[in-house]
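Enquirer: The amino acid sequence is not available; the structure is as follows:
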DNA sequence: GTTTGTGAAATAGTTCACAGCA
DNA sequence: TGCTGTGAACTATTTCACAAAC
């Protein structure tokens, strides 16, 4: 147990949560690092080492209590509370994000949406009323939004990111295919399926061409 | 220049493509590793080292010819051809994926879609007719699909992945929030926004709690 | 003068292997 | 006996720093 945990370690905790949740729902009460690792495709020693950054959660000779570890990890990640999110850009993609049923059950609730298009302002999508961009800063502060999802066209994305940062948002999930810039202290993560596809083709191209 | 390139290196090439494309569209013909790095948030030495795995593309004292490097990287990643994709699962999420306008302009074309729900089979989404799952293997082979996108509920995802692998698909982009298993030689990448959110909350929770 | 390409050095991350405990 | 927790060993990745090229 120590300070300054590597980012890779933090990024694996959600996977452990995922695997443990499946076990929990399957009624399995106890699991060891080998079985959890096999399920997630992660080395058992990796799991034990990662957990050791945060404490001692297992019992030697037995393994980990699934419910207990799930609770501990949820607390470590701050998932024991509800997080309020805003969506910026309510075009095709933004609407799909707002309609996505996967956020709420995992503790992430969309409570505000913004667009600059007059034609959609005032309408409701999934029970959330779309507001004008000019109301972003005030609404974000008033509703205590701390995560924003950017779903505007690439050309406007950086501008929107800047506005969000200025409004006090410290975590941004960006769907626009640009590499945005944020000041230190703000987290920006990109979601771009094309980026994933473009590295897969590297390996596809190789297994097609090389018959060696 | 050498064999066996690290995966991290391959995963950065699409980012270079992205940055170079922006420069190209901005009419900039020449770029050095420092400027490209600043734009992408990557160290200049990292860029030079990554490129050196594949060859020598720059001119000392000058930098890189944007169009030239773009072409080289596209070829390396196999982006100089069109890739045909199939979508499995045409619910809310699957339809959003099929409607997404970001694939085609970057060389990825959806040419087939499958679902097991009788009510949607036969309908068209974005000009592609939805077929029954039973036709998957034959259609994938006939149309030369080599990438599949999985957008079925978690409970069916592994089953669908197995079917795709059996049908000869070597690259799968999985939107279901499970950690699927594939045999060696098949690439499976997951897209799960919640996973990204769950690690962002770790840092959010810390900057809220700790006033230290 | 400028910037690449690249070994060598430094850092980060993973895996081993085993003492310690149930 | 079985499995965790963890330093130590190993491997991978990044960064440095500079000769070579223009």
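Expert: Nice, thanks for sending it over. Keep in mind it's a predicted model, so treat the numbers as computed, not measured. Residues are numbered from 1 along each chain as shown, chains lettered A, B, ... in the order given.

Enquirer: Quick one: residues contacting residue A:115.
Expert: If you count contacts by Cβ atoms under 8 Å, 6 or more residues apart in numbering or on different chains, residue A:115 has them with A:88, A:89, A:90, A:91, A:94, A:121, A:130, A:132, A:133. Just so you know, the C-beta spots here come from the backbone N, C-alpha and C atoms, and that holds for glycine as well.

Enquirer: List buried members of those residues by neighbour count.
Expert: Buried by 16 or more other Cβ atoms under 10 Å in any protein chain shown: A:88, A:89, A:90, A:94, A:121, A:130, A:133, out of the contacts of residue A:115.

Enquirer: so of those, which ones are in strands?
Expert: Among these, DSSP state E puts A:88, A:130 in strands.

Enquirer: Mind putting the buried ones among the contacts of residue A:115 into a markdown table with distance to residue B:31 and pLDDT?
Expert: Formatted as a markdown table, these follow (distance: Cβ to Cβ, whole Å; pLDDT from 0 to 100):
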| residue | distance to residue B:31 | pLDDT |
| --- | --- | --- |
| A:88 | 30 | 98 |
| A:89 | 29 | 98 |
| A:90 | 35 | 97 |
| A:94 | 32 | 97 |
| A:121 | 40 | 98 |
| A:130 | 39 | 98 |
| A:133 | 33 | 98 |
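
Enquirer: Can I get the buried ones among the contacts of residue A:115 in a markdown table including distance to residue A:10?
Expert: Compiled in a markdown table, the buried ones among the contacts of residue A:115 are given as follows (distance: Cβ to Cβ, whole Å):
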| residue | distance to residue A:10 |
| --- | --- |
| A:88 | 25 |
| A:89 | 28 |
| A:90 | 31 |
| A:94 | 28 |
| A:121 | 37 |
| A:130 | 33 |
| A:133 | 32 |
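
Enquirer: and which of the buried ones among the contacts of residue A:115 is nearest to residue A:78?
Expert: residue A:88 (22.6 Å; Cβ to Cβ).

Enquirer: Which one of the buried ones among the contacts of residue A:115 is nearest to DNA strand C?
Expert: Checking the buried ones among the contacts of residue A:115 against DNA strand C with Cβ to the nearest atom of the strand, the nearest one is residue A:88 at 30.5 Å.

Enquirer: Near the nearest residue to residue A:175 once chain neighbours are set aside, how many residues? Count them for me, please.
Expert: Among residues not flanking residue A:175 along the chain, residue A:151 sits closest, at 4.8 Å (Cβ to Cβ, 6 or more residues apart in numbering or on different chains). Residues contacting residue A:151 under the criterion other Cβ atoms under 10 Å in any protein chain shown number 26.

Enquirer: remind me, longest helix of chain A?
Expert: helix A:7-25 (DSSP state H).

Enquirer: what's the average pLDDT for that helix?
Expert: Mean per-residue pLDDT for helix A:7-25: 97.

Enquirer: What of stretch A:54-66?
Expert: 97.

Enquirer: tell me which residues of it are tucked away?
Expert: Quick answer for stretch A:54-66 (16+ other Cβ under 10 Å): A:54, A:58, A:63, A:64, A:65, A:66.

Enquirer: Also stretch A:23-39?
Expert: Neighbour-count burial for stretch A:23-39 [16+ other Cβ under 10 Å]: A:23, A:24, A:30, A:31, A:32, A:33, A:35, A:36, A:37, A:39.

Enquirer: Longest strand in chain A, by number of residues?
Expert: strand A:108-115.

Enquirer: So which elements touch the helix or strand encompassing residue A:165?
Expert: Following DSSP states H and E, one finds residue A:165 within helix A:154-166. When contacts are defined as 3 or more Cβ pairs under 8 Å, 6 or more residues apart in numbering or on different chains; DSSP states H and E, helix A:154-166 sits against helix A:136-143, strand A:147-150, strand A:171-174.

Enquirer: same question for that helix, mean pLDDT?
Expert: Helix A:154-166 comes out at a mean pLDDT of 97.

Enquirer: do stretch A:178-189 as well
Expert: Stretch A:178-189 comes out at a mean pLDDT of 95.

Enquirer: what's the first-to-last distance across that stretch?
Expert: 11 Å (Cα to Cα, to the nearest Å).

Enquirer: anything in it near DNA strand D?
Expert: No. Counting by Cβ under 7 Å from any atom of the strand, DNA strand D is not contacted by stretch A:178-189; separation bottoms out at 15.0 Å.

Enquirer: Buried residues, that stretch. List them.
Expert: A:178, A:179, A:180, A:182, A:186, A:187, A:188, A:189.

Enquirer: Next step: those residues restricted to helices.
Expert: Within the buried residues of stretch A:178-189, no residue falls in helices by DSSP H.
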